[in-house]
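Trainee: From the sequence below, what's the structure:
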Amino acid sequence: MRPRADLAIAPVYLLTMLAFTALIVPVATTWVRSDVDPIVGIVILTGQILVFYLIATQSERPPRIVPLVVATLLNAFLMGVVAMSVQLSLLEDGRQVRATVAVVYDGHSGPPDYDLAVDGDPIPGRLSAWPGDGTGAPGDEVLVVQDRKGLADPRLPDVLAEDLEDDVRILILPIVGILAALCLAAVWPSRRRRTDGSTAGGYRAGSR
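Mentor: Okay, here's the model as predicted:
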């Protein structure tokens, strides 16, 4: 019979990943500036790894490292998917407005970001793309989709249409299923008993 105590740890690993992934939801909104999002994401992922280490050290039998490493990398991808999904869900029912560029932020290695305003009132978040891959300047007008709640960065209508067509939200459940399988693989007992009373992994019978 396979030890139930080992298998019971699998949901703990999965719930830990889902809990830290849930922390990405507020990060994906305008509560955190878009240029700071990667730093906050790394901090969250580091916290998850530390909790994994704590769980592993408190377990009677150490987990397999490879499935946990793969699960951690896949969960980092899931965090990105969740962040994009939050933005899409907010902008899906947004409204188109003609905004004016208020401030241009140098993108250094990438395109610049823009603070926008409508009739003098600032729009929450930043626009990260300009029509036709061009560059805007203060005072230029641009048509964008604005989240009615002000929780998502404004986006160009054609960019939003493409993102909705390639909807990443459908990936969430399959990824969670794969993560569950990896967590189970990390703790699944595979040591068979030998006739001398020890196990194939070198453990004595009855020792846990």
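Trainee: hey, which helix is longest across this protein?
Mentor: Identified as the longest helix of the chain according to DSSP state H is helix 65-91.
Trainee: excluding its backbone neighbours, what's nearest the most centrally placed residue in the chain?
Mentor: What sits nearest the mean C-alpha location of the chain, by CA atoms, centre = their mean, is Met79, with 0.7 Å. Of all residues not flanking Met79 in the chain, Ile24 sits nearest, at 4.7 Å (CB to CB, 6 or more residues apart in numbering). (Each C-beta comes from the backbone N, C-alpha and C, glycine too.)
Trainee: And Ile178, by the same measure?
Mentor: What sits nearest to Ile178 in space, not counting adjacent residues and going by CB to CB, 6+ apart, is Leu74, at 6.4 Å.
Trainee: what's the following helix or strand after the helix or strand bottoming out on mean pLDDT in the chain?
Mentor: Of all the helices and strands that make up the chain, helix 4-7 has the lowest average by mean pLDDT, DSSP states H and E, namely a mean of 66. Secondary structure here is assigned by DSSP states H and E; on that basis, the next helix or strand after helix 4-7 toward the C-terminus is helix 9-22.
Trainee: what angle separates that next one from helix 65-91?
Mentor: For helix 9-22 and helix 65-91, the angle between their directions (axes from the mean of the first three to the mean of the last three CA atoms, to 10 degrees) works out to 40 degrees.
Trainee: Compute the mean per-residue pLDDT across helix 9-22, please.
Mentor: With pLDDT averaged residue by residue, helix 9-22 scores 95.
Trainee: hmm, who's touching that helix?
Mentor: With CB atoms under 8 Å, 6 or more residues apart in numbering as the contact definition, helix 9-22 has outside contacts at 44-45, 47-48, 51-52, 55, 59, 63, 68, 71-72, 75, 78-79, 82, 176, 179-180, 183-184, 186-188.
Trainee: For PyMOL, what selects the buried ones among those residues?
Mentor: A single PyMOL command selects the buried members of the contacts of helix 9-22 (16 or more other CB atoms under 10 Å):
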select buried, resi 44+45+48+51+52+63+68+71+72+75+78+79+82+176+179+180+183+184+186+187
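Trainee: got the domain boundaries for the protein?
Mentor: Following the assignment in automatic domain parsing, the chain carries domains at 4-91+165-187, 95-163.
Trainee: pretty sure Asp93 belongs to a strand, no?
Mentor: No - assessed with DSSP: H, G, I helix; E, B strand; the rest coil, Asp93 is coil; it does not lie in a strand.
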